[in-house]
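Asker: build me a model from this:
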Amino acid sequence: MLHHQPRLYGLRPAHGTLAPAERREPDLAPGRPGLKEFARRTAIAVLVAVVILAIAYFLWRGVHVLLQAFAGLLFGVFLAALAGWVHRHTRLAYGWSLALVVLVLFGAAGGLGYLLGNHLVTQFNEMTQALPRSFAEIRASLEQYPWGQYLLENAPKAATHLAESGQFSRATGLISGVADFLEAAIVILIVGIFGAAEPRLYRAGLLHLVPHRHRPRAGEVVDTIAFNLRHWLVGQVVLMVIIGITTGLGLCLLGIPLALTLGVIAGVLEMIPYIGAWLSAVPAALIALTKGPEHVVYVLGLFLFLHLLEGYVLLPLIQRRAVHLPPALTLVAQVLLGEMLGILGLFVAAPLTVAALITVQMLYVKDTLGDRSLHVPGEQGDGARPEPT
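Answerer: Numbering: from 1, shown residues only. This next block holds a predicted model:
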């Protein structure tokens, strides 16, 4: 008779008692964490996700403050550029050069405000009364045609009410608008002046957020962005002055009322590339309509000529040392930020595009993809060496 020895699963058929280590239950699966380790990792992942969402929420809620801070940074770059120029061409220290630049700018602004303030206020008041009349004339002209009547019937009620009631100035929310403007101006001035006073301090603080081995390259990116923003801003200010003066003189020669105010509007909106020139043409055309349809044609012809002069003559000469902004990319950024963040988003869209474009070109195209043939203005080894900010 055959005797079958019982099979012991998981135990060696050996004499004696098994050691405690040998009686231990096997793991659920080799290489997989246990239940406690899995729970710990899940809790950490959830906590990190909550922190990221909280940070994103607070950044979104304070995005207007961040935009104001960025605008202040741009103002600081502009002040630093002027102070650096004064410092290089005089024997003044950088701090005294910055103080001189700030005093000159504020003095010039105060002088222009004193000389032109009354005229500008008067003309702005006249414009708020003339624009509703222009809307009324447009409405009366459109009512003479069937297609015009169709457009008026399907036009937004707010625009119709604006034309009929004449409450153009009230529709802008004057009190809240002034308060928001003053708040933004204070933030921009403070951030700009303090940023221009100690640019190296803020640069070093920004680089401390980058791992140590990547700081040299990050410093090059920051310096290149500052270099391009500096030249872009100085060029835009020059363009603003030229366009504002030429627009005001051209409208004055054409006999258009409120030429001074319309010139100031054209100069300010020049800060918005491409879109600003045509936005400034709208109030000028509406004011010209009060003198006759032929004056509208003259005004639009003037703005077209100035726009062509800017695009083909002034812009290549003034902005030749700054990075070239693709028009389509700039327009998309302006429309996107303008829709999401309002008027301030329109003004900062172009410089934000400059910073983003340079970052992508240097860190992705050149470093990640290895395309060293790309030329980035101001980068070390690609022409002019940017001065450390």
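Asker: okay, now the unreliable bits of the stretch 151-300 of the chain?
Answerer: Filtered on pLDDT under 70, the stretch 151-300 of the chain yields the residue ranges 151-179.
Asker: what's the local residue count around Leu229?
Answerer: Neighbour count of Leu229, defined by other C-beta atoms under 10 Å: 23. The way it works is simple: take the backbone N, C-alpha and C, and place the C-beta from them, glycine included.
Asker: doesn't Ala355 make contact with it?
Answerer: Yes: counting by C-beta atoms under 8 Å, Leu229 touches Ala355, with 7.0 Å between them.
Asker: same for the helix or strand where Ala109 lies, what does it pack against?
Answerer: If you go by DSSP states H and E, Ala109 is part of helix 94-142. Packing partners of helix 94-142 (3 or more C-beta pairs under 8 Å, 6 or more residues apart in numbering; DSSP states H and E): helix 63-89, helix 146-153, helix 157-165, helix 168-171, helix 174-197, helix 259-269, helix 275-289.
Asker: tell me the buried residues in stretch 372-383?
Answerer: Of all the residues in stretch 372-383, those buried under the rule 16 or more other C-beta atoms under 10 Å are 376-379.
Asker: now the residues you listed in CSV, with secondary structure?
Answerer: Shown next, in CSV, are the buried residues of stretch 372-383 (DSSP: H, G, I helix; E, B strand; the rest coil):
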residue, secondary structure
Val376, coil
Pro377, coil
Gly378, coil
Glu379, coil
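Asker: of those, which is the nearest to Gly250?
Answerer: Closest approach to Gly250 among the buried residues of stretch 372-383 (C-beta to C-beta): Pro377, at 32.7 Å.
Asker: surely the closest one and Gln319 touch.
Answerer: No: with contact defined as C-beta under 8 Å, Pro377 does not reach Gln319; the gap is 9.9 Å.
Asker: can you list residues touching both of the two?
Answerer: His231 (C-beta atoms under 8 Å, 6 or more residues apart in numbering).
Asker: could the helices and strands packed on helix 94-142 go into TSV alongside mean neighbour count and distance to Ala108?
Answerer: Formatted as TSV, those follow (neighbours: other C-beta atoms under 10 Å; distance: least, C-beta to C-beta, whole Å):
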stretch	mean neighbour count	distance to Ala108
helix 63-89	19	12
helix 146-153	11	46
helix 157-165	13	36
helix 168-171	14	29
helix 174-197	15	15
helix 259-269	22	14
helix 275-289	20	22
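Asker: can I get those helices in CSV including distance to Val241?
Answerer: Formatted as CSV, the helices and strands packed on helix 94-142 follow (distance: least, C-beta to C-beta, whole Å):
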stretch, distance to Val241
helix 63-89, 13
helix 146-153, 39
helix 157-165, 32
helix 168-171, 28
helix 174-197, 19
helix 259-269, 7
helix 275-289, 14
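Asker: picking up where we left off before, so for the helix holding Ala109, mean pLDDT?
Answerer: Averaged over helix 94-142, pLDDT sits at 82.
Asker: any idea of the angle it forms with helix 259-269?
Answerer: Helix 94-142 runs at 120 degrees relative to helix 259-269, counting by axes from the mean of the first three to the mean of the last three C-alpha atoms, to 10 degrees.
Asker: helices along the stretch 251-389 of the chain, start to end?
Answerer: 259-269, 275-289, 293-309, 315-318, 327-341, 343-359 (DSSP state H, counting those that start in this stretch).
Asker: kindly report the domain assignment for this structure.
Answerer: Domain ranges of the chain: 61-197, 221-389, per automatic domain parsing.
Asker: other SSEs contacting the helix or strand containing Val46?
Answerer: Per DSSP H and E, Val46 falls inside helix 35-61. Packing contacts for helix 35-61, counted by 3+ C-beta pairs under 8 Å, 6+ apart, involve no helix or strand.
Asker: oh, and call the first residue 46 from now on, that's how I've got it
Answerer: All set: I'll call the first residue 46, so the last point we hit is now helix 80-106.
Asker: buried set for it?
Answerer: Within helix 80-106, no residue counts as buried by 16+ other C-beta under 10 Å.
Asker: tell me the angle of it relative to helix 108-134?
Answerer: Orientation check (the same axes, to 10 degrees): helix 80-106 against helix 108-134 gives 70 degrees.
Asker: please report how far the residue nearest to the spatial centre of the chain lies from Pro261.
Answerer: For the chain, Val393 is the residue whose C-alpha lies nearest the centre (C-alpha atoms, centre = their mean; 2.2 Å). For Val393, the distance to Pro261 (C-beta to C-beta, to the nearest Å) stands at 28 Å.
Asker: what of Leu112?
Answerer: Computed as C-beta to C-beta, the Leu112 to Pro261 distance reads 30 Å.
Asker: Pro302 now?
Answerer: Pro302 is 58 Å from Pro261, by C-beta to C-beta.
Asker: what about the two, which has more around it?
Answerer: Taking neighbours as other C-beta under 10 Å, Pro302 and Pro261 compare with Pro302 leading, 17 against 10.
Asker: phi and psi next, for the more buried one.
Answerer: phi -70, psi 160 (degrees, to the nearest 10).
Asker: mind listing what the closest residue in space to it that isn't next to it in sequence touches?
Answerer: Taking C-beta to C-beta, 6 or more residues apart in numbering, and ignoring the residues beside it in sequence, Pro302 has Ile332 as its nearest neighbour in space, at 5.9 Å. Ile332 makes contact with 172, 175-176, 179, 301-303, 307 under the criterion C-beta under 8 Å, 6+ apart.
Asker: isn't Val393 up against Leu382?
Answerer: Yes: Val393 lies in contact with Leu382 (C-beta under 8 Å); the separation is 7.1 Å.
Asker: so what's the gap between stretch 157-168 and the chain middle?
Answerer: Here stretch 157-168 shows a centroid-to-chain-centroid distance of 29 Å under the convention C-alpha atoms, centre = their mean, to the nearest Å.
Asker: give me the neighbour count for Pro244.
Answerer: Pro244, neighbours per other C-beta under 10 Å, totals 22.
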